[in-house]
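Participant: Kindly generate the corresponding structure for this input.
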Amino acid sequence: MKQAAAWVEEYARTASAIWCDDIVRIRNVRHFTYRTRDECTPSYFDADYDLARLHSVDLVVSRWAHDSIAHVFVSFGFDDGRYLSISIETRRRIGQHYSTWKGFFRNYDLIYVVADERDLIGVRTDVRRERVNLYRADVTPDTARALFRDYLLRVNQLNERPEHYHTLFNNCTTNILRHARTIAPHMRYSWKVLLSGHADDYSYRLGLLGQACSFDELKRRSLITRPSGASIGDDFSHVIRHTD
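Facilitator: Here you go, the predicted structure:
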């Protein structure tokens with residue numbers, strides 16, 4: 001019998017979705033509390049989400065080195081004040097470390113991490129001190145709901161049929177593009193998808209982030225600024241959206 005994989009703690013559980021009409025119960029929503037980059041307290045919860053109350057989707061772009069390289073994911077907003085983030089990542093085993101080159105050779109599984117924003121965004125803004133931009137997508141609630149359904153369908157599909165991550169063809173940005181094309185068929189593969197740090201610029205030029213100001217100004221306004229020593233409290237999602 002094949003021995004089960006020993007996953008690193010962040011990827012030990014996968015989420016799943018069970019639908020009952022417009023209500024979806026999501027199991028294993030991740031909510032880790034990070035003390036340092038390598039130390040955290042694991043936690044998961046199950047929760048029901050009403051599709052009728054989903055009203056927004058945000059694009060999150062997190063940079064830590066060169067501006068052309070970023071991790072990109074989405075976060076869905078509900079009118080009861082809750083937000084649910086979904087991040088497409090490499091599911092690594094204990095002892096594995098991410099390598100761009102190893103990502104070409106079926107070394108990692110693909111995982112959709114479904115998590116509280118205090119986990120997925122908070123670790124990047126407050127612990128890793130990455131440069132995180134949060135953009136509100138200029139889409140209708142119906143479009144946001146269609147995108148949400150498509151993401152959760154993929155979550156369940158990967159539970160049934162796991163896939164390998166691939167640095168070029170099956171990564172965070174190519175999968176985001178795949179989902180986006182379900183609501184915006186005019187979107188096409190671009191070098192800005194390969195260089196993930198340009199995903200926000202690409203989305204802006206396609207009109208998905210609105211045109212109320214220049215992209216440079218939008219990027220400046222969308223940068224999350226967190227003071228040193230700030231705590232990641234229950235109001236985290238509200239605070240990062242209402243800063244001066």
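Participant: any idea of the mean pLDDT for the longest helix seen in the chain?
Facilitator: Longest helix in the chain, counting residues (DSSP state H): helix 141-160. The average pLDDT for helix 141-160 rounds to 96.
Participant: for stretch 219-230, same thing?
Facilitator: Over the span of stretch 219-230, the pLDDT mean works out to 93.
Participant: what's the spacing between it and its chain's center?
Facilitator: In terms of CA atoms, centre = their mean, to the nearest Å, the centre of stretch 219-230 is found 18 Å from the chain centre.
Participant: Same check on stretch 81-97?
Facilitator: Mean-position distance between stretch 81-97 and its chain equals 8 Å (CA atoms, centre = their mean).
Participant: Check stretch 15-32 too.
Facilitator: The chain centroid and the centroid of stretch 15-32 are separated by 16 Å, computed with CA atoms, centre = their mean.
Participant: Show me what that stretch is in contact with.
Facilitator: 10, 13-14, 40-52, 84, 112-116, 118-120, 123, 152, 155-156, 159 (CB atoms under 8 Å, 6 or more residues apart in numbering). (C-beta placed from N, C-alpha, C; glycine too.)
Participant: Throw together a PyMOL command that grabs the buried residues out of those residues.
Facilitator: Remark: buried members of the contacts of stretch 15-32, expressed as a PyMOL selection using 16 or more other CB atoms under 10 Å:
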select buried, resi 10+13+14+40+44+49+51+84+112+113+114+115+116+118+119+120+123+152+155+156
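Participant: What pLDDT is listed against Phe104?
Facilitator: According to the predicted model, the pLDDT of Phe104 comes to 85.
Participant: any idea how far Arg161 is from it?
Facilitator: Computed with CB to CB, to the nearest Å, the distance linking Phe104 and Arg161 is 21 Å.
Participant: now Tyr98, what's its secondary structure?
Facilitator: Tyr98 falls in the coil class when you classify it by DSSP: H, G, I helix; E, B strand; the rest coil.
Participant: just checking, what packs against the longest helix of the chain?
Facilitator: Counting contacts by 3 or more CB pairs under 8 Å, 6 or more residues apart in numbering; DSSP states H and E, the secondary-structure elements packed against helix 141-160 are strand 16-20, strand 54-63, strand 71-78, strand 109-116, helix 172-183.
Participant: Next, the angle from it to strand 16-20.
Facilitator: Taking axes from the mean of the first three to the mean of the last three CA atoms, to 10 degrees, one finds that helix 141-160 is oriented at 130 degrees with respect to strand 16-20.
Participant: Buried ones in helix 141-160, by neighbour count?
Facilitator: Judged by neighbour count (16+ other CB under 10 Å), helix 141-160 contains these buried residues: 141, 143-152, 154-156, 158.
Participant: for those, which one is nearest Asp80?
Facilitator: Among these, Pro141 lies closest to Asp80 (CB to CB), at 13.9 Å.
Participant: residues touching the closest one, list them.
Facilitator: Neighbour list for Pro141: Leu54, His55, Ser56 [criterion: CB under 8 Å, 6+ apart].
Participant: Going by distance to Ala184, which of the residues you listed wins?
Facilitator: After measuring the contacts of Pro141 against Ala184 - CB to CB - the closest member comes out as Ser56, at 16.1 Å.
Participant: So what sits opposite the closest residue to the closest one other than its chain neighbours in the bridge?
Facilitator: Excluding the flanking residues, the one nearest Ser56 by CB to CB, 6 or more residues apart in numbering is Gly77, at 3.9 Å. Note on Gly77: beta-bridge partners by DSSP bridges are Ser56, Tyr83.
Participant: Would you agree Gly77 is in contact with Arg53?
Facilitator: No: the pair formed by Gly77 and Arg53 falls short of the contact definition of CB atoms under 8 Å, at 9.5 Å.
Participant: in the protein, what spans have low per-residue confidence?
Facilitator: Counting by pLDDT under 70, the chain contains low-confidence ranges at 1-5, 186-194, 243-244.
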